[in-house]
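Chemist: Sequence and predicted structure are below.
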Amino acid sequence: MMSMTCHNLDFGTRVLDLVAVGSSSTSSIERRSVKNYGKRISNVSSKGYGTRRMVYCRQNITRSCVFSTKTSEALLDGVGQHTAPVLDLKKELRSPISLANLFEAVADDLQTLNQNLQSIVGAENPVLMSAAEQIFGAGGKRMRPALVFLVARATAELVGLKDLSTKHRRLAEIIEMIHTASLIHDDVLDESDMRRGKETVHQLYGTRVAVLAGDFMFAQSSWYLANLENLEVIKLISQVIKDFASGEIKQASSLFDCDLELEEYLLKSYYKTASLIAASTKGAAIFSGADRSVTEQMYEFGKNLGLSFQVVDDILDFTQSAEQLGKPAGSDLAKGNLTAPVIFALEKEPKLREIIESEFCETGSLDEAIELVKKCGGIERAQELAKEKADLAIKKLQCLPRSAFRLALENMVMFNLERID
């Protein structure tokens, strides 16, 4: 006999609807594979509201597969491994996940953060205020502070806290400031004129102002970080700033290098992207007072989510248009920055190496290289890599109690993968 529990979790205009099928009522699903993850939308109009509603249902069943308890901490965790799925809902039943729905659980927290950011950054200088308005208003997803709030609230439930502390909120602001500073400097280094469809800070105000604006944000975030007076978090975030520089150096020293290995690519991706996300999630758990095993699992969740995000971004550089990307398509490859799709394609196509090592000196050679990456299965293998990292991230959430916050964290992993569906 089967029993079913249904959770009606309202995420703004939608409520998630998931149904799992099983054969026993003795235990409940605790793990989901991102490779077989489905959703079913039930269109029910609420009188007076006119919104779509969905129901999130979880069926109590006996697990149909066993997950290994051995977890390697290396960056290559999961690469080439294929975990048996727990849920096997058909892909066509899936419905898109929106960031607005994901962040609804912490919408008030994000609204407060948005109000604080510009005043924190630009209060001392009108030019910096203008730069801050440009970058903060450029359509950023606020994913990193949202992760801070979601992990903070999920771990607060775990330890019995009723609300977030001021340190949680300040951490979210610090994380977004650091991320923003890194974007400003990245655009200078990459000589990018557009970001998220808008002109970059250095394009509008010049390189000098852009560099100083980024430096100021790093310095301001460091000052606020020191005032948190938590040595573990100070060390954690300080390492992130060091990692940014290491990532840029690593990238600059490997341009047009066709011998770049996957592990080196993942390490660079960790430095440039995953390090900050991992620090965000671990820092949030630390300020909740969670025990070390939980804080470490939150770090691993953030690291693998960050790696998955970076791989997906690198795939989109080949599959989306300039209008969708907010920058020229194939721009990373054009600059000699070899990413996962290229690394995989190079294993099968010698001609691709010749084109890249020539640094695209012939007219049309960049377009030819992009087509070779697509034809040689580079995109598909990179998709598998992104999914494997996402699987690892999902597993690290098992230590959290089931709640709207944990569900949002799981769905954030899925949202990332849906960008390449």
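Modeler: Sure, I can see it.
Chemist: I'd like to know how far Phe405 sits from Val106.
Modeler: 8 Å (CB to CB, to the nearest Å). (Each C-beta comes from the backbone N, C-alpha and C, glycine too.)
Chemist: quick one: common contacting residues for those two?
Modeler: Counting by CB atoms under 8 Å, 6 or more residues apart in numbering, the contacts common to Phe405 and Val106 are 150, 153.
Chemist: quick one: which of these two has more around it?
Modeler: Using other CB atoms under 10 Å, the more surrounded residue of Phe405 and Val106 is Val106, with 25 against 21.
Chemist: Next one: the more buried one, what pLDDT does it get?
Modeler: Listed pLDDT for Val106 reads 93.
Chemist: swap in the one 3 residues further on?
Modeler: Reading off the per-residue confidence, Asp109 sits at a pLDDT of 94.
Chemist: Leu117 too?
Modeler: So, for Leu117, pLDDT stands at 80.
Chemist: That one and Glu176 touch, don't they?
Modeler: Yes: counting by CB atoms under 8 Å, Glu176 is a contact partner of Leu117 at 6.3 Å.
Chemist: of the two, who's got more company?
Modeler: More crowded of Leu117 and Glu176, by other CB under 10 Å: Glu176, with 28 against 22.
Chemist: Can you name the helix or strand that the more buried one falls in?
Modeler: In this structure, Glu176 sits in helix 166-190 according to DSSP states H and E.
Chemist: so what strands line up beside the next helix or strand after that helix?
Modeler: Next along the chain after helix 166-190, taking DSSP H and E as the criterion, comes strand 194-195. Under the criterion DSSP bridges, strand 194-195 sits next to strand 198-199 (antiparallel) in its sheet.
Chemist: how distant is the strand it pairs with from the center of its chain?
Modeler: Chain-centre distance of strand 198-199: 22 Å, with CA atoms, centre = their mean, to the nearest Å.
Chemist: Can you give me the buried ones in the helix holding Glu176?
Modeler: If you call a residue buried by 16 or more other CB atoms under 10 Å, then helix 166-190 has these buried ones: 167-188, 190.
Chemist: what's the neighbour count on Ser365?
Modeler: Quick note: Ser365 (other CB under 10 Å) scores 15 neighbours.
Chemist: list the contacts for it?
Modeler: Neighbours of Ser365 in contact, by CB under 8 Å, 6+ apart: 355, 358.
Chemist: Could you do Gly336 as well?
Modeler: 255-257, 356, 359.
Chemist: of all the residues you listed, which two lie farthest apart?
Modeler: Spanning the widest gap among the contacts of Gly336 are Asp257 and Glu359, at 11.5 Å by CB to CB.
Chemist: any idea of the pLDDT on the closest residue to Gln320 other than its chain neighbours?
Modeler: Closest residue to Gln320 apart from its sequence neighbours, by CB to CB, 6 or more residues apart in numbering: Ala329 at 6.4 Å. Per-residue pLDDT puts Ala329 at 76.
Chemist: cool, and Leu372?
Modeler: Leu372 is given a pLDDT of 96.
Chemist: How many residues are close by it?
Modeler: 20.
Chemist: what does Gly289 give?
Modeler: Neighbour tally, Gly289, other CB under 10 Å: 15.
Chemist: Who are the contact partners of it?
Modeler: 159, 161.
Chemist: Leu164 versus that one, what's the distance?
Modeler: Taking CB to CB, one finds Gly289 at 12 Å from Leu164.
Chemist: Quick check: neighbours shared by these two?
Modeler: What both Gly289 and Leu164 touch, as defined by CB under 8 Å, 6+ apart, is an empty set.
Chemist: Let me know the distance separating Lys242 from Ser222.
Modeler: From Lys242 to Ser222 the distance is 12 Å (CB to CB).
Chemist: same check, this time on Ala152
Modeler: Distance, Ala152 to Ser222, by CB to CB: 21 Å.
Chemist: And for Leu338?
Modeler: 33 Å.
Chemist: of these two, who's got more company?
Modeler: More crowded of Leu338 and Ser222, by other CB under 10 Å: Leu338, with 24 against 17.
Chemist: Show me where this structure has its strands.
Modeler: Assigned by DSSP state E, the chain shows strands spanning 3-7, 10-11, 14-15, 56-60, 194-195, 198-199.
Chemist: correct me, but Asn337 touches Ala252?
Modeler: No: applying CB under 8 Å, one finds Asn337 not in contact with Ala252, separated by 9.2 Å.
Chemist: who has more neighbours, these two?
Modeler: Taking neighbours as other CB under 10 Å, Asn337 and Ala252 compare with Asn337 leading, 21 against 11.
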